[in-house]
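Undergrad: I'd like to go over a predicted model; first the sequence, then the structure.
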Amino acid sequence: MNEKQKIINIAVIAHVDAGKSTLVDAFLSQSGVFRENEEVVDCIMDSNDIERERGITIYSKNCSVMHNDVKINIVDTPGHADFSSEVERIIKTVDTVILLVDSSEGPMPQTRFVLQKSLEMGLNPILLINKIDKKDQRAVEVVDMVYELFMELEANDDQLDFPILYGVAKHGIAKNEMDHESDDITPLFDTIIQHVQPYPDYNEEPLQMQVSTLAYDDYIGRLGIGRVYKGTIRTGQTVSVCKEDGSVVQRKINQVFVYKGLKRTPVERAEAGDIVVLAGISDITIGETICDDKNPLPLEVIHIEEPTLSMNFMVNKSPFAGKVGKYVTSRHLKERMEKELEVNVGLLVEPLESTDGFKVSGRGELHLSILLENMRRESYEVAVSKPEVIMHRDAKGKLLEPIEKVIISVPDEYSGSVISKLNIRKGIMTGMSGKDGYSKLEYLVPTRGLLGYRTEFINDTRGEGTLVRRFECFEPHKGDIPQRSNGAVIAQEEGISTPYALSNISERATLFIEPGTKVYEGMIVGMNSRNEDMVVNACKAKKTTNMRAAGTDDAVKLPPARIFTLEEALEFINDDELVEIVPDDIRLRKKHLKELERRRNSR
């Protein structure tokens, strides 16, 4: 009988931009996964196009490395609060977590969330203070802040006795003390092996494996990814699948894969403790347990926190509908939503009363906008309403709304403007400190108040401020919060915009379109400098005569148009407006395109 392979599963958890994906790169490169002549990109685990463009991790991913005779499965997790449902599931499949904390920023709101989940699961974390090469590093102070955070989260004695390492993930360096010499991450590998016991030998027990992530392969169909808790799993094996509703069905495993480096490698048999990928069960979903066919023993279902934000996804009915997109009907929209629900467990989809759309609820603006961006790239056309915060009622029927903790770092000269705006949005300051010309503000703000604020914040701080937020609690409803104070500039007819018309409009408004843009009645082409809507003719051409006047025939000079990203467009619109998303454009429009309808509706 072969000796059981030693397996340790670890997850790298941290706030956005703390260096998780960079650390995983260092693990891979220093364990001989890549050939000497192989060209390797940075953040190799961020393989999705949107992840590469935005520089964030959206989907958790697996890889494995060998250190001495131990196989270490590594999970790279998202740091953004909107993708925390990914983190919640992954924590269940690992033996420990490496908590990355920036040496100057210290623990951030999302650090608290991911650490809390790890401690609840009984894991004993390893702390790595990253980016110690920064000029403003304060590693000793940050370690004290992490201890305080552990105590706030009621960590037990074993969890409080965590190993501390210092490093620069970008250069692949980790060391046990700040003044030690090191040129690789061997100290981190050694700490993992000393700190964590390899997974026990449960190979002889009845099979138990829980699916924590789903993937799809064009050739072999849906894949279930998860950890084998007990027993072994083999290619061709008949198993029992324990569903969420308590029912048990028999299925056959076609293929079993494990991770070797970055690659999925087919194997005949996988052992307890390993993270495996299964093919052949077409209806597998997250949280289901795969058991021995004669002895089904389901594991506890994975519970995911509820969504906080909803939008209406509707069929695009603008005059330009169907000219670019491939999938434009409600049937296409329904199929796409059903497909997304299979892999995106933080999402909730309900049909609208009208038959042309769905109410889609998620964990935040970014969570939903990433879905919309993916749909746009897949050639879908969809119209989307303003995001709405999901309210709750307590036992006495009192209306409660979500409150978020916001941490802002901003140059001192802009702090007054930020404080004023957050106070208007019903924010309550809980802390303020200053250092090196920067103010650090801590606020509790209703989620409603933060909708549409990010763009305003970037403008107010000239792009120098940082704003980090995460859900804190539910509190009684805070009353009305002011919406956008500027009116929209609305096109009154269909046609092609002209420089002459836009030049006249630009004197009273900020333009959203360039000359030569196709417009239709009811489309928003700019933002009024006043607070009422303004209807304009953006296609008006200059009358041609054979008379010439000195100086008046010069080329028209227009200010650059404000071009929206998808998130900015969703932040900008009011309740009576929609964002029209098509493969090659993002347009803003009124829900009612005709002026008469808008007047009638506003009465």
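TA: Now that the structure is in, tell me what you want to look at. The structure presented is a predicted model; accordingly, all values stated were derived computationally and were not measured.

Undergrad: how about the strands in the stretch 401-550 of the chain?
TA: 428-435, 438-446, 466-476, 488-491, 495-496, 509-511, 518-519, 523-528, 534-536 (DSSP state E, counting those that start in this stretch).

Undergrad: The helix or strand hosting residue 250 pairs with which strands?
TA: Using DSSP states H and E, residue 250 falls within strand 248-252. Looking at strand 248-252 with DSSP bridges, its partner strands are strand 238-242 (antiparallel).

Undergrad: okay, residue 29: pLDDT?
TA: We have a pLDDT of 77 for residue 29.

Undergrad: wait, isn't residue 206 in contact with residue 229?
TA: No: using Cβ atoms under 8 Å, residue 206 is not in contact with residue 229; the gap is 10.4 Å. Every C-beta, even on glycine, is put in place using the N, C-alpha and C of the backbone.

Undergrad: Which of the two has more residues huddled nearby?
TA: residue 229 (19 against 15; other Cβ atoms under 10 Å).

Undergrad: what's the nearest residue to the more buried one if we skip its chain neighbours?
TA: For residue 229, ignoring the flanking residues on the chain, the nearest one in space by Cβ to Cβ, 6 or more residues apart in numbering is residue 208 at 4.5 Å.

Undergrad: how close does the one you found get to residue 136?
TA: 48 Å (Cβ to Cβ, to the nearest Å).

Undergrad: Now residue 117: which helix or strand?
TA: Here residue 117 is assigned to helix 109-120, by DSSP H and E.

Undergrad: List the buried residues in the strand holding residue 250.
TA: residue 251 (16 or more other Cβ atoms under 10 Å).

Undergrad: helices or strands up against whichever helix or strand comes after that strand?
TA: Later in the chain than strand 248-252, the nearest helix or strand by DSSP H and E is strand 255-260. Contacts defined by 3 or more Cβ pairs under 8 Å, 6 or more residues apart in numbering; DSSP states H and E place strand 255-260 against strand 61-67, strand 263-267, strand 269-270, strand 275-279.

Undergrad: Identify all contacting residues around the third one.
TA: For strand 269-270, the external contacting residues (Cβ atoms under 8 Å, 6 or more residues apart in numbering) are 228, 232-235, 256, 258, 276.

Undergrad: Farthest-apart pair in the residues you listed, please.
TA: 228 and 235 (13.7 Å; Cβ to Cβ).

Undergrad: Looking at those two, which is more packed in?
TA: Shown here are residue 228 and residue 235; by other Cβ under 10 Å, residue 228 has more neighbours (27 against 18).

Undergrad: State whether the more buried one is indeed within a helix.
TA: No: read with DSSP: H, G, I helix; E, B strand; the rest coil, residue 228 is strand and lies in no helix.

Undergrad: Next one: it from residue 278, what distance?
TA: From residue 228 to residue 278 the distance is 10 Å (Cβ to Cβ).

Undergrad: what about the stretch 1-150 of the chain, any weak spots by pLDDT?
TA: 1-3, 16-18, 31-61, 78-86, 88, 109-110 (pLDDT under 70).

Undergrad: For it, just list every one of the strands.
TA: So, for the stretch 1-150 of the chain - with DSSP E, counting those that start in this stretch - the strands run 6-13, 61-67, 70-76, 96-102, 126-130.

Undergrad: Repeat that for the stretch 251-400 of the chain.
TA: 255-260, 263-267, 269-270, 275-279, 289-292, 309-314, 348-351, 357-362, 382-385, 388-389, 392-393, 399-411.

Undergrad: Mind listing the strands the third one pairs with, and their directions?
TA: Spelled out, that is strand 269-270. For strand 269-270, pairing defined by DSSP bridges yields strand 233-234 (antiparallel).

Undergrad: Repeat that for the last one.
TA: Partner strands and pairing direction for strand 399-411 (DSSP bridges) are strand 392-393 (antiparallel), strand 438-446 (antiparallel), strand 466-476 (antiparallel).

Undergrad: Show the average pLDDT along the first one.
TA: The pLDDT scores in strand 392-393 average 80.

Undergrad: where do the helices sit along the stretch 451-600 of the chain?
TA: 453-460, 499-506, 566-572, 595-602 (DSSP state H, counting those that start in this stretch).

Undergrad: what's the third one in contact with?
TA: If I follow you right, that is helix 566-572. 311, 365-366, 368-369, 372-373, 376, 384, 386-387, 451-455, 484, 564, 579, 581, 586, 588.

Undergrad: change it to 7 Å
TA: Helix 566-572 has contacts (Cβ atoms under 7 Å, 6 or more residues apart in numbering) with 365-366, 369, 372-373, 384, 387, 451-452, 454-455, 484, 564, 579, 581, 586, 588.

Undergrad: Then stretch 334-351?
TA: Taking Cβ under 7 Å, 6+ apart as the rule, stretch 334-351 contacts 85, 214, 285-286, 304, 307, 358-363, 367, 371, 375, 380.
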